[in-house]
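# Structure for this input, please:
(chains A, B and C)
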Amino acid sequence: MKFYNLLIDWYLSNKRELPWRETKNPYYIWLSEIMLQQTKVTQGLPYYLKFVEEFTTVKDLANASEEKVLKLWQGLGYYSRARSLHFTAKYVSDTLKGEFPDNYKDLKKLKGVGDYTASAIASFCFKEPVAVVDGNVYRVLSRVFGIDLAINSTEGIKKFKELAQSLIDVKRPGLYNQAIMEFGALHCKPKNPYCISCPFQVRCKAFQQGLIDKLPVKLKKTKVVTKNFNYLVVLAKDQTVIQQRKGSGIWENLYQFPLIETEIEISKEELLDNAEFKAYVKDDFKNINLFNKKPIKHVLSHRKLMVKFWVIQLEEIPDNFKKNDFRVIDNSDLKLYPVPVLIQKFLENFNFTK
DNA sequence: AATTCGGGGCA
DNA sequence: TGCCCAGAATT
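Reported below is the predicted structural model:
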């Protein structure tokens, strides 16, 4: 029995019903693939449904503002995906007259579309026999073929791609690609895979050698850096101050409160003595209160943030918040701006409309 | 070749 | 807690 036949047989009797499996429209496939990068299906699904409802065509997406796209993306993470999504929608809509490229080579030129996504779209929509290699594929192939090459090494990436390509069903490339990913996601899971009922049990090198929990091999990630954030929640006459994050870094183009970053956690007295703080509000504040007694710990993949929200009551918004990239807005308009989950949780707890 | 991008879920 | 997830872009 060929590898792809075992895989496809398993898939046809075990696959989930997912909305993007009901179409071959490259716009919807592209949208789903971008959303699912480094994201579990259960997490991405509600966002996909929101997007297809809001943006029926690539032109609808192209005509939206980036702010609206980011707002709908809010909470899904890796926001560069949303910015690239919007950029590519405009490019496809304007330059390509609404028609997506119909092959791997040209798809890969699109911003935000790498090897995996180009392979997925090309095979699903256009039957091009190019193998996908995502986290699921690395896991299935490393186990079945007993390969201990690191999946995030240059050599590993190349070898696994070649192996996947050699295994593809050239007559049914889309089906094969779907099948191997679904098998990895549902059956050959990272932890507690179902080896007992596995169609590859007799030929799986990892199972035979008791190496299931040793594969795949992955080079260890860099350590998480801790940062201390102090957000200034300035309140005056039902207005507040926000700022859009610019440049490269986390949460690019999302909004937040004026931020003072410090080397260590600081007290109220230390904040009042902070040069940046004094430049903003001078000494005309009525009162200042720490919203959260203990810093809120917000963990990202490569960063740990220790966050304090300082609520500052004022008669007037200071002039220094009326220039540069600060924006004075009504509290009731806060909900319109795309913000990180960290900020969103604060807004919900603080109950801004009250 | 290594790092940087989020957030949630799970053992 | 540490690891993983339908990765890609940047350094």
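# A:Tyr194: neighbour count?
Look at A:Tyr194: counted by other CB atoms under 10 Å, it has 11 neighbours. For the C-beta atoms, the positions are set from N, CA and C on the backbone; glycine is no exception.
# Excluding covalently adjacent residues, which one is nearest to the residue of chain A found nearest DNA strand C?
Nearest to DNA strand C in chain A, going by CB to the nearest atom of the strand, is A:Gly114, at a distance of 2.3 Å. Nearest in space to A:Gly114, with sequence neighbours left out and distances taken as CB to CB, 6 or more residues apart in numbering, is A:Lys108 at 6.9 Å.
# Phi and psi next, for that neighbour.
Main-chain dihedrals, A:Lys108, degrees, to the nearest 10: phi -70, psi -20.
# which residues touch it?
Residues near A:Lys108 by CB atoms under 8 Å, 6 or more residues apart in numbering: A:Gly114, A:Asp115, A:Ala118.
# on that earlier part again, any idea how far the residue of chain A closest to DNA strand C is from DNA strand B?
11 Å (CB to the nearest atom of the strand, to the nearest Å).
# show me where the stretch 251-354 of chain A has helices.
Under the criterion DSSP state H, counting those that start in this stretch, helices of the stretch 251-354 of chain A are mapped to A:268-272, A:275-281, A:341-350.
# which stretch among those helices comes nearest DNA strand B?
For these, proximity to DNA strand B was assessed by CB to the nearest atom of the strand; helix A:341-350 is nearest, at 3.8 Å.
# ok, is that closest one in contact with DNA strand B or not?
Yes. Using CB under 7 Å from any atom of the strand, helix A:341-350 reaches DNA strand B at A:Val341, A:Leu342.
# which helices and strands does that helix pack with?
Judged by 3 or more CB pairs under 8 Å, 6 or more residues apart in numbering; DSSP states H and E, the packing partners of helix A:341-350 are strand A:225-235, strand A:296-300, strand A:303-313.
# Using a markdown table, lay out the ones you listed together with mean pLDDT and mean neighbour count.
A markdown table is the format used below for the helices and strands packed on helix A:341-350 (pLDDT from 0 to 100; neighbours: other CB atoms under 10 Å):
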| stretch | mean pLDDT | mean neighbour count |
| --- | --- | --- |
| strand A:225-235 | 96 | 18 |
| strand A:296-300 | 96 | 14 |
| strand A:303-313 | 96 | 18 |
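# For those, give me TSV that also has distance to A:Asn324.
Listed next are the helices and strands packed on helix A:341-350 as TSV, based on distance: least, CB to CB, whole Å:
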stretch	distance to A:Asn324
strand A:225-235	14
strand A:296-300	25
strand A:303-313	18
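# To DNA strand B, which of these lies closest?
strand A:296-300 (4.4 Å).
# Which strands or helices does the closest one pack on?
Using 3+ CB pairs under 8 Å, 6+ apart, the elements in contact with strand A:296-300 are strand A:303-313, helix A:341-350.
# one more time with 10 Å
strand A:225-235, strand A:303-313, helix A:341-350 (3 or more CB pairs under 10 Å, 6 or more residues apart in numbering; DSSP states H and E).
# how about the ones you listed, which one is nearest A:Leu76?
The minimum distance between A:Leu76 and the helices and strands packed on strand A:296-300 falls on helix A:341-350, with 9.5 Å, by CB to CB.
# I'd like the mean pLDDT over the closest one, please.
Averaged across helix A:341-350, the pLDDT comes to 95.
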